[in-house]
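**Student:** Coordinates for the following, if possible.
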Amino acid sequence: MKETMKKGAGIRKQLQLLGLIPALIMLLLLLVALTWQRFEDADRDLRELGSYLAQQIASSSEYGVLAGNYDDLRRQARLAMQQADLQYVVFHDGEGKVLLYEGRGQRQDHADVLEFHSGIYRQPVSDSDLLEGAESDSQPERIGEVVLGMSSARLLARQKEILLASLLPALFATIIGLWIAHYLARQIASPLGYLSGLLRTLRNGDYRVRGRSHLRGELAELQDDINELASSLEGAHREQQTAIDKLRHAHRQAQSASQAKSDFLAMMSHELRTPMNGVLGMLQLLEETPQSEEQHEYTLAALESTGHLLDVINDILDFSRIEAGRMDLDPVFFELLPLLENCVATFRYMAESKGLYLRLENAGELAGKMVRSDPTRLRQVLNNLISNAVKFTQEGGVVLGITTAQVRDDWLDLTLAVRDTGIGIPQHRQSDLFKAFSQVDSSTSRRFGGTGLGLAIARRLSEMLGGTLTVSSDEGGGSTFTLSLRLLYRTQAPAPLAVPADEEDRVGGLLFGLVLLVEDNDVNLLVARRLLEHMGVTVVTASNGREALEKVRQRDFDCILMDVQMPVMDGLEATRELRQWERERGRAPIPVVALTANAMDEERDRCMVAGMNAHLAKPFRRQQLTRVLSPYLTPEHAQHGR
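**Tutor:** You can find the predicted model right below:
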């Protein structure tokens, strides 16, 4: 307690000094008030004296004015002039004319002279006059006036005396106040300014600053508190930086994990698709060889199973791309009706083989209309819905119904409903239907197979397209999946976009020309070579990019099928060197088609940046290969046909 009182003594002393300032101000105000009062008293005394003298002279000058006795008036004036402050005396008659002037000089109008006027009245001299005056109740007769000119010099001198008497205390109080203010500025304001500077430094983010000033009492405690605050802020800042570093490290790890996931998907895509390409290619080649009916049945079954396996791989890759936010849309104007007709035609054979009908309703509502969306992703959603409807329907059929409503001149509300007469979906399982890896029948003895990703991908793609995908169903009563979209549309276009044909579309005709096939996998090399030879082209092979460049320098090719991942030199590096070699020699660029087991969009972009002309993902069907090569190996373009 004593220590606390001792620490507070300094501040209390300073506060006491601070309390003197109002007292000094009050003292100054009191001195001013007293000085002003004394000024007024002196002025009032002078005026009372002048008025009194004027009245006395006026009362004793009645006889001299009535009798015209100027000697008597002069005697009265000289008696009055014995007053030192009196400058002159002037007598006037009743009409205001000057009867006598007696003064210390000529009468002048001076600002420092105060004039006092008093009337000279005729006084009653008998009882009858008194009675008449009382009865008449009239004012005494004014017979003249006396004017006294009194100097204000004495008043000014008095005021100077008062001022000098008041100036010393005021000056002393002012000096004391200034000294106290200076002392307080040094003892309080300066330390407070110093401490305020410390706080500003802390506010600007420099938490290493510390107060080093020798302060006492509460100011010293305040400085200690600021130092503790600075230490706390510095520690918090270090912890914050540590947390930020950890977050950055975690972010880098997340990015690395995401990149590792992408790399893993790319690797798995390559490792799965490479043998799949060999299997699918060999089955396609086997299908075209002479076979018995039983062998042909086995081949078709193997092709169908391979197609299902490829669908599973594609679903997993698509879902991974969506989850990673790497699924991009490419919206364009295209004619919607041919796309819907193509989707129905794709699954018509599957439906008819099960004895089901599959048809398109209200197709006329889209006649001549072109909409803006991503046709590839829209096709993917519809193919999934129609495929599921056919797969889960045993009797009856599937209908793709179209409903349109014009919102404005250029906007269209489109509803595509896929209705089936299949097994239906229980009400309590519909909420899980669009979850990844979820199916209505999740037991190990499922009849219908699949990854459970199709509807999850379809809903996510529908949302990316700006629409919604909903379901309504009753167990045993069929299901209806409804895709609702609002699309920008127009009725005419200069060049409608051709809808990509399905993979099962047959492409007829032979190709012409000399093709360099660059592939390091022997099975894939054999498959691609046989397919190309069946198409009618001449094939030269190379096992890596360096060998391919050597063969390009030796002879001319109409097209190059370039695998991307190869030993010695990969396809991307080989394509870049090929383009550089062509530019140096002024040669026309040879079309290069990338053959890659990596179906990720990033791989396609890398191929295009490297200078390739087209991209074909493995495994591919004969029709896809024919479609990609057709622009470069027609009789008009090929120069080296057999």
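**Student:** Need the nearest residue in space to L385, chain neighbours excluded.
**Tutor:** V418 (4.3 Å; CB to CB, 6 or more residues apart in numbering). Glycine gets a C-beta too; all of them are placed from N, C-alpha and C.
**Student:** what's the helix or strand for E603?
**Tutor:** Using DSSP states H and E, E603 sits within helix 601-610.
**Student:** Mind listing what's buried along that helix?
**Tutor:** Of the residues in helix 601-610, those buried by neighbour count under the rule 16 or more other CB atoms under 10 Å are 603-604, 606-607, 610.
**Student:** contacting residues for the residue nearest to L385?
**Tutor:** Counting by CB atoms under 8 Å, 6 or more residues apart in numbering, V418 makes contact with 382, 385-386, 389, 398-401, 480-483.
**Student:** And the helix holding E603, what does it pack against?
**Tutor:** Packed against helix 601-610, as judged by 3 or more CB pairs under 8 Å, 6 or more residues apart in numbering; DSSP states H and E, are the following elements: helix 217-287, helix 571-585, strand 592-596, strand 614-617.
**Student:** Extract the C-alpha trace of the shortest one and format it as CSV.
**Tutor:** Included here for strand 614-617 are C-alpha records, laid out as CSV according to Å, rounded to 0.1, in the frame of the first residue of the first chain:
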residue,chain,number,x,y,z
ALA,A,614,-5.9,-33.7,-83.2
HIS,A,615,-6.2,-35.9,-80.2
LEU,A,616,-7.5,-39.5,-79.9
ALA,A,617,-7.8,-41.2,-76.5
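**Student:** Paired strands for it, with orientation please.
**Tutor:** Partners of strand 614-617 in the sheet, by DSSP bridges, are strand 592-596 (parallel).
**Student:** gap between the strand it pairs with and the chain center?
**Tutor:** Mean-position distance between strand 592-596 and its chain equals 44 Å (CA atoms, centre = their mean, to the nearest Å).
**Student:** How about stretch 243-252?
**Tutor:** For stretch 243-252, the distance to the chain centre is 23 Å (CA atoms, centre = their mean).
**Student:** domains for this structure, by residue range?
**Tutor:** 2-158, 328-490, 514-629 (automatic domain parsing).
**Student:** okay, how far is it across stretch 287-297, tip to tip?
**Tutor:** 10 Å (CA to CA, to the nearest Å).
**Student:** List of residues touching it?
**Tutor:** 299-300, 303, 534.
**Student:** if you set the cut-off to 10 Å instead, what comes out?
**Tutor:** 286, 298-300, 302-303, 530-531, 534, 622 (CB atoms under 10 Å, 6 or more residues apart in numbering).
**Student:** what sits against R372?
**Tutor:** 331-334, 410, 412, 487-490.
**Student:** Please indicate which of these are buried?
**Tutor:** Buried among these by 16+ other CB under 10 Å: 331, 333-334, 412, 487, 489.
**Student:** With pLDDT as extra columns, can I get the residues you listed in a markdown table?
**Tutor:** Output for these, formatted as a markdown table (pLDDT from 0 to 100):
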| residue | pLDDT |
| --- | --- |
| P331 | 86 |
| F333 | 90 |
| F334 | 88 |
| L412 | 87 |
| L487 | 88 |
| Y489 | 85 |
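**Student:** What is the neighbour count of T596?
**Tutor:** Residues near T596, counting by other CB atoms under 10 Å, number 26.
**Student:** Show me what it is bridged to.
**Tutor:** With DSSP bridges as the rule, T596 is bridged to A617.
**Student:** Name the nearest residue to G144, sequence neighbours excluded.
**Tutor:** Per CB to CB, 6+ apart, closest to G144 is I120, 3.9 Å.
**Student:** Inside helices: which ones of the contacts of stretch 287-297?
**Tutor:** If you go by DSSP state H, these have 286, 298-300, 302-303, 530-531, 534, 622 in helices.
**Student:** Selecting buried members of those in PyMOL, what would you type?
**Tutor:** Here is the PyMOL command that selects only those of these that count as buried (16+ other CB under 10 Å):
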select buried, resi 299+302+303+530+531+622
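**Student:** between the ones in helices among the contacts of stretch 287-297, which is nearest A54?
**Tutor:** The shortest gap between A54 and any of the ones in helices among the contacts of stretch 287-297 belongs to R622, at 142.6 Å (CB to CB).
**Student:** isn't that closest one right up against Q284?
**Tutor:** Yes: the pair R622 / Q284 is scored as a contact, 5.5 Å apart, by CB atoms under 10 Å.
**Student:** what about L202, which SS state?
**Tutor:** With DSSP: H, G, I helix; E, B strand; the rest coil as the basis, L202 sits in helix.
**Student:** Give the buried subset of the contacts of V418 as a PyMOL selection command.
**Tutor:** Buried residues within the contacts of V418, by 16+ other CB under 10 Å, are selected in PyMOL with:
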select buried, resi 382+385+386+389+398+399+400+401+481+482+483
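**Student:** how about low-confidence regions in the stretch 1-150 of the chain?
**Tutor:** 1-24, 27-28, 30-39, 41-42, 105-111, 124-139 (pLDDT under 70).
**Student:** quick one, strands of it?
**Tutor:** In the stretch 1-150 of the chain, the strands defined using DSSP state E, counting those that start in this stretch lie at 86-93, 98-103, 113-121, 142-151.
**Student:** would you put the C-alpha positions of the longest one in CSV?
**Tutor:** Output of strand 142-151 as CSV, limited to C-alpha atoms (Å, rounded to 0.1, in the frame of the first residue of the first chain):
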residue,chain,number,x,y,z
ARG,A,142,-35.5,79.2,-16.1
ILE,A,143,-33.5,82.3,-16.5
GLY,A,144,-30.1,80.9,-17.6
GLU,A,145,-27.7,78.1,-17.6
VAL,A,146,-24.2,77.4,-16.2
VAL,A,147,-21.8,75.1,-18.1
LEU,A,148,-18.7,73.7,-16.4
GLY,A,149,-15.9,72.2,-18.4
MET,A,150,-14.0,69.7,-16.2
SER,A,151,-10.9,67.9,-17.4
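**Student:** packing partners for it?
**Tutor:** Where contact means 3 or more CB pairs under 10 Å, 6 or more residues apart in numbering; DSSP states H and E, strand 142-151 is packed against helix 2-60, helix 62-67, helix 70-81, strand 86-93, strand 98-103, strand 113-121.
**Student:** shaky segments in the stretch 451-600 of the chain?
**Tutor:** 451-453, 492-509, 599-600.
**Student:** coming back round to it: from G103, how far off is the residue nearest to G144?
**Tutor:** As judged by CB to CB, to the nearest Å, I120 and G103 stand 18 Å apart.
**Student:** next one: A257
**Tutor:** Taking CB to CB, one finds A257 at 118 Å from G103.
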